[in-house]
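[1] Here is a sequence with its predicted model. Questions after.
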Amino acid sequence: MERERDHPDAIGDGRAVAPANRFAVVARSTLPQEIASQLLLQIKEQELRPGDKLPAERQLAQMMVVSRPVVREALRALALMGVVDIRQGDGTYITSLEPKQLVAHLDFVFAKDSVALTQLIEARRVVETGNVRLAAQRVTEPEIAGIQDLVETLAGCIDDPTRFSETDIALHSAVCAAAGNFLLLQFMSIINTLGELSRERTGGLRAVREAALQDHQRILDALRAHDADAAEQAMQAHLDHVEAGLVATTGSDRAEPALANGQAR
């Protein structure tokens, strides 16, 4: 099997086991974070790859000359990050390392830190305003039709916060896909994952949903006209309203754009 040629230490069913000599000895005083960092470095340098099976916990502890509890804590931290998958009775495997999975563990940060939510909005402004400009230049008629369907779906579920939020995510993803840039699509996947909590907070506000519906219609109109400037302005206005919703739910003292009639200050 190809996997066995790449990894001399592949186990019988073809799954690779990382060679023992890849795990350096570390000082007994090393914190679990340092063990985790060593494993992350090996992943970065592609010495460990998606699907690889790590040596057993006892073996890792012996290789690194640390206690098993230290190794266990390091692996648990990596599992929370979505880097490894600990399968009871089977072993520990490197995950697929997909961007969306790797940021899922940050949910607890956004749950407790309104500053993190504010920074998420800042990131969205950078990514989504630039992306929508590209989309305005490249969007196809079938893509416009698909976005139109999503806007109509939004209008139809204005009284259903959960469905509205799901459709909103799908719409932003569709706009991003229209830009035709794979990396931006990956960034948008990460943003959507991190933004689930903010949507939960703001989605319960009728004013936010009404403003979002109007904003998305303006974005659609700009895309249909292939007007990059208008598309960027519509996206900025939409993110103003999103931030206003967060202000209302988190008590932030940042300036709040007006939501009335869908207009931003």
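    Structure received. From a predicted model like this one, the values you see are computed outputs, not experimental measurements.
[2] residue ranges of the strands in the stretch 101-250 of the chain, please?
    Counting by DSSP state E, counting those that start in this stretch, no segments of the stretch 101-250 of the chain form strands.
[3] quick one: low-confidence ranges for it?
    By pLDDT under 70, the low-scoring segments of the stretch 101-250 of the chain are 101-116, 196-203, 249-250.
[4] one more time with 80
    Applying pLDDT under 80 to the stretch 101-250 of the chain flags the ranges 101-118, 190, 192-205, 245-250.
[5] What is the neighbour count of the closest residue to G204 other than its chain neighbours?
    Leaving out its chain neighbours, the residue that sits closest to G204 by CB to CB, 6 or more residues apart in numbering is P161, at 5.5 Å. For the C-beta atoms, the positions are set from N, CA and C on the backbone; glycine is no exception. Each residue near P161 was counted by other CB atoms under 10 Å, and the total is 18.
[6] So P161 sits against R209, correct?
    Yes. Taking contacts as CB atoms under 8 Å, P161 lies within contact range of R209: 7.1 Å.
[7] Mind listing what's buried along stretch 74-84?
    Neighbour counts over stretch 74-84 (16 or more other CB atoms under 10 Å) mark A74, L75, A77, L78, M81, G82, V83, V84 as buried.
[8] distance of the nearest residue to A174 once chain neighbours are set aside from D159?
    Of all residues not flanking A174 in the chain, I147 sits nearest, at 5.2 Å (CB to CB, 6+ apart). Computed as CB to CB, to the nearest Å, the I147 to D159 distance reads 22 Å.
[9] Among those two, which residue is more densely surrounded?
    A count of neighbours by other CB under 10 Å puts I147 above the other of I147 and D159, at 23 against 9.
[10] thinking again about what came up before, any chance of the buried residues of stretch 74-84 in a markdown table, plus secondary structure?
    Output for the buried residues of stretch 74-84, formatted as a markdown table (DSSP: H, G, I helix; E, B strand; the rest coil):
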| residue | secondary structure |
| --- | --- |
| A74 | helix |
| L75 | helix |
| A77 | helix |
| L78 | helix |
| M81 | coil |
| G82 | coil |
| V83 | coil |
| V84 | strand |
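[11] Need the max-distance pair from those residues.
    Using CB to CB, the two most remote members of these are A74 and G82, lying 14.7 Å apart.
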